[in-house]
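Colleague: attaching a predicted model along with its sequence, questions to come.
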Amino acid sequence: MSRKTTKEKSGVFTGAYATNPATARPIPIWIADYVLMEYGTGAIMAVPGHDERDHEFARAYDLPIVQVVAPRKEANVAPGRDEPVDVQAAAYTDDAAGRMVNSSHFDGLSVAEAKVAIVNELATKHAATPVVNYRLHDWCISRQRYWGPPIPIIYCDQCGTVPVPDDQLPVLLPAIDDFRPDDSGVSPLARHEEWYHTPCPQCHQPARRETDVSDTFLDSAWYFLRYPSSGRDDVPFDPALVKRWLPVTSYIGGNEHAVLHLLYARFVTMVLKDAGHLDFEEPFTRFRAHGMIVREGAKMSKSKGNVVNPDQYIEEWGADAFRTYLMFLGPFEEGGDFRDRGISGVKRFLDRLWKSVHEARSDGAPDAVVVTKLHQTIRKVGDDIGRLSYNTAIAAMMEYMNTMRSGERTPHVAEVRPLVQLVSPFAPHIAEELWSVMGGTTSVFDAGWPAFDPALVVEDSVTMAVQVQGKTRGTITVSKTATQEEAMAAALADPAIAKWITGPVKRVIFVPGRMLNLIV
């Protein structure tokens with residue numbers, strides 16, 4: 001970043017001024033302690049109205065604070081109708097919602113548009129040149145500790161730095177009892193004399209091993225390459241196996257992966273690609289970050305003391321109910337709010353499934369309405385699992401259960417058997433048992449995924465967004481062939497939408513099957 005955060009900003013005025021190439025006005029030049037001299041030229045254009053650190057500095061030295069970005073109240077208000085913001089009190093930093101003000105002919109542009117326009121204009125005047133700055137730093141891959149792969153280097157007084165020969169790799173950690181650091185400042189490995197002292201591979205005179213080990217981030221930056229070749233000890237990875245199994249199709253992890261591990265993994269992969277060892281440079285085709293579970297109003301963590309012990313829930317509710325509940329909490333990438341009473345709903349669903357299997361009839365034919373709902377559910381659950389939308393997949397199965405058991409009817413075997421297969425990824429133990437009860441001779445996971453009939457999953461109705469004055473106020477469910485008049489009637493009949501229609505409708509924008517916009 002071009003600025004660093006410190007508790008107090010300090011600086012000194014140089015007495016000199018620079019000319020703003022966009023306005024031709026003088027700008028005082030200050031030396032400040034919070035600007036990173038290694039970033040770019042070491043000089044920045046301070047914008048105190050829209051940067052918190054610049055704002056703090058300007059307040060400390062009573063410098064002018066000019067507002068050049070203002071938020072729009074609504075997307076469809078007339079120009080000039082802006083939400084008031086006092087940049088003298090605090091910096092306004094929401095670039096995404098802002099537009100330019102007090103900026104001459106750039107007024108009205110979004111911040112993103114203005115950046116491009118201003119740089120282009122300055123470039124035509126030969127007053128500026130667009131430059132991309134990369135915030136890259138050297139990576140220290142060594143750590144002064146016991147645990148970790150030793151760095152394979154030997155130090156010889158005669159030969160200098162000598163790599164460990166290939167036939168002596170990998171260098172293994174010695175088994176020592178006391179691997180903790182002490183007050184001597186000597187690393188645990190250096191204290192192990194038998195391991196530390198070794199002959200030089202070149203001159204065979206006494207030499208010393210490197211006692212640093214590699215950073216775990218370096219180790220994990222290529223472990224996916226090693227996984228397919230774990231059975232081979234003679235090479236880091238087998239090119240044929242790598243070609244067969246990699247790159248990784250889908251990678252799932254926490255948000256911290258996105259800024260640390262993934263950066264290193266991509267870097268190492270690109271280096272190996274450039275060196276000719278790999279034929280791809282992106283290690284992961286798709287990355288999905290999982291959300292955080294919230295409990296008692298805070299992110300669940302040991303430091304907050306709000307974690308739960310899964311064992312007690314498994315003991316009370318069963319492993320399948322607990323597992324299914326965790327996937328039902330909320331969108332996978334957002335997490336959810338963990339509530340003890342929420343498990344009971346999932347448990348009731350699994351109990352109804354157990355009862356349905358044991359009560360299922362084989363005589364007669366399945367109900368046509370239920371069969372249609374079943375095929376729609378098969379498609380939705382399959383699609384949702386592929387998107388990691390586990391919560392909506394479970395909700396779809398619960399909805400199907402309500403249809404299948406409507407009025408406490410006895411379900412047909414053909415109606416309930418596919419549901420056991422759909423439930424199996426979420427509640428594998430119950431599904432396995434119920435599959436056996438229904439005559440399955442192999443595992444439910446060897447039975448394949450149920451297929452749906454495309455002709456039965458066609459929806460006759462659509463959900464349409466309804467806007468009033470260009471702002472979405474609700475949705476309506478209408479026939480796919482609904483006319484404008486029919487859609488308007490459904491919108492006016494919905495109290496949640498009707499309350500926003502405060503006058504006669506002057507204009508209607510209707511996109512069949514998609515959107516209805518009423519201008520009053």
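Modeller: Received, thanks. Numbering: from 1, shown residues only.
Colleague: going forward, measure contacts and count neighbours with C-alpha atoms only.
Modeller: Fine.
Colleague: next, count neighbours for Leu218.
Modeller: Number of residues near Leu218 (other Cα atoms under 10 Å) recorded here: 17.
Colleague: can you pull the pLDDT of the closest residue to it other than its chain neighbours?
Modeller: Nearest residue to Leu218, sequence neighbours excluded (Cα to Cα, 6 or more residues apart in numbering): Ile141, at 6.6 Å. Ile141 carries a pLDDT value of 85.
Colleague: swap in Leu350?
Modeller: 96.
Colleague: now it: phi and psi?
Modeller: Recorded main-chain torsions at Leu350 are phi -70, psi -40, according to degrees, to the nearest 10.
Colleague: so what's it up against?
Modeller: Residues near Leu350 by Cα atoms under 8 Å, 6 or more residues apart in numbering: Ala321.
Colleague: same thing with the one 4 residues further on?
Modeller: The neighbourhood of Trp354, defined by Cα under 8 Å, 6+ apart, consists of 430, 434.
Colleague: quick one: it is in a helix?
Modeller: Yes: secondary structure of Trp354 (DSSP: H, G, I helix; E, B strand; the rest coil): part of a helix.
Colleague: quick check: it vs Thr324, distance?
Modeller: 15 Å (Cα to Cα, to the nearest Å).
Colleague: what's the one helix or strand in the chain whose mean pLDDT sits lowest in contact with?
Modeller: Using mean pLDDT, DSSP states H and E, the weakest-scoring helix or strand in the chain turns out to be helix 255-259, at a mean of 71. The contact list for helix 255-259, computed with Cα under 8 Å, 6+ apart, reads 289-290.
Colleague: make it 10 Å
Modeller: Contact with helix 255-259 is made by 262-265, 287-292, 333, as judged by Cα atoms under 10 Å, 6 or more residues apart in numbering.
Colleague: just stretch 366-379 next, same as before
Modeller: Here stretch 366-379 has contacts from 380, 383-384, 393-406, 411-416, 418-419, 421-422, 449-459, using Cα under 10 Å, 6+ apart.
Colleague: shaky segments in the stretch 1-150 of the chain?
Modeller: 1-7, 38-40, 73-84 (pLDDT under 70).
Colleague: likewise the stretch 351-500 of the chain?
Modeller: Where the stretch 351-500 of the chain drops to pLDDT under 70, the residues are 459-461.
Colleague: partner residues bridging Ser110?
Modeller: For Ser110, the beta-bridge partners are Arg99 (DSSP bridges).
Colleague: go ahead and confirm Phe57 touches Ile31.
Modeller: No: here Phe57 lies out of contact with Ile31, judged by Cα atoms under 10 Å, at a distance of 11.0 Å.
Colleague: which neighbours do the two have in common?
Modeller: Residues touching both Phe57 and Ile31 by Cα under 10 Å, 6+ apart: 10-11.
Colleague: neighbour-wise, which of those two wins?
Modeller: Neighbour count, other Cα under 10 Å: between Phe57 and Ile31, Phe57 has more, with 21 against 12.
Colleague: next structured bit after the helix or strand the more buried one falls within?
Modeller: Taking DSSP states H and E as the criterion, Phe57 maps to helix 52-60. Helices and strands here follow DSSP H and E; after helix 52-60, the next one along the chain is strand 69-71.
Colleague: need the contact partners of that next one.
Modeller: Residues outside strand 69-71 that contact it (Cα under 10 Å, 6+ apart): 49-50, 81-87, 92-103, 107-111.
Colleague: list only those of the residues you listed flagged as buried.
Modeller: By neighbour count, with 16 or more other Cα atoms under 10 Å, these hold 49-50, 87, 92-93, 98-101, 107-111 as buried.
Colleague: okay, the residues you listed in a markdown table with distance to Tyr155 next?
Modeller: Compiled in a markdown table, the buried ones among the contacts of strand 69-71 are given as follows (distance: Cα to Cα, whole Å):
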| residue | distance to Tyr155 |
| --- | --- |
| Gly49 | 56 |
| His50 | 53 |
| Val87 | 60 |
| Tyr92 | 56 |
| Thr93 | 53 |
| Gly98 | 59 |
| Arg99 | 61 |
| Met100 | 61 |
| Val101 | 63 |
| Asp107 | 64 |
| Gly108 | 65 |
| Leu109 | 62 |
| Ser110 | 59 |
| Val111 | 56 |
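Colleague: hey, where'd the strands end up in the stretch 351-500 of the chain?
Modeller: Along the stretch 351-500 of the chain, the stretches classed as strands by DSSP state E, counting those that start in this stretch are 461-468, 471-479.
Colleague: deepest-packed of those strands, please.
Modeller: Ranked by mean neighbour count, these are led by strand 461-468 with a mean of 19 (mean count of other Cα atoms under 10 Å).
Colleague: can you pull the contacts of Arg25?
Modeller: By Cα under 10 Å, 6+ apart, the residues touching Arg25 are 17-19.
Colleague: residue with max distance from the center of this structure?
Modeller: Gln205 (53.4 Å; Cα atoms, centre = their mean).
Colleague: which residues does the closest residue to it other than its chain neighbours contact?
Modeller: In space, and not counting its chain neighbours, Gln205 is closest to Pro199: 5.4 Å by Cα to Cα, 6+ apart. Pro199 is in contact with 154-156, 205-209, counting by Cα under 10 Å, 6+ apart.
Colleague: Val307 and Ser301 touch, don't they?
Modeller: Yes: contact criterion Cα under 10 Å: Val307 and Ser301 qualify, at 5.7 Å.
Colleague: list residues touching both of those two?
Modeller: The contact lists of Val307 and Ser301 share 293-295, where a contact means Cα under 10 Å, 6+ apart.
Colleague: in strands, which of these fall?
Modeller: 293-295 (DSSP state E).
Colleague: can you list these in a markdown table and add pLDDT and neighbour count?
Modeller: Below are those laid out as a markdown table (pLDDT from 0 to 100; neighbours: other Cα atoms under 10 Å):
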| residue | pLDDT | neighbour count |
| --- | --- | --- |
| Ile293 | 83 | 19 |
| Val294 | 80 | 18 |
| Arg295 | 81 | 18 |
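Colleague: which residue ranges form the strands in the stretch 101-250 of the chain?
Modeller: 142-143, 153-156, 160-163, 197-199, 206-209, 213-214.
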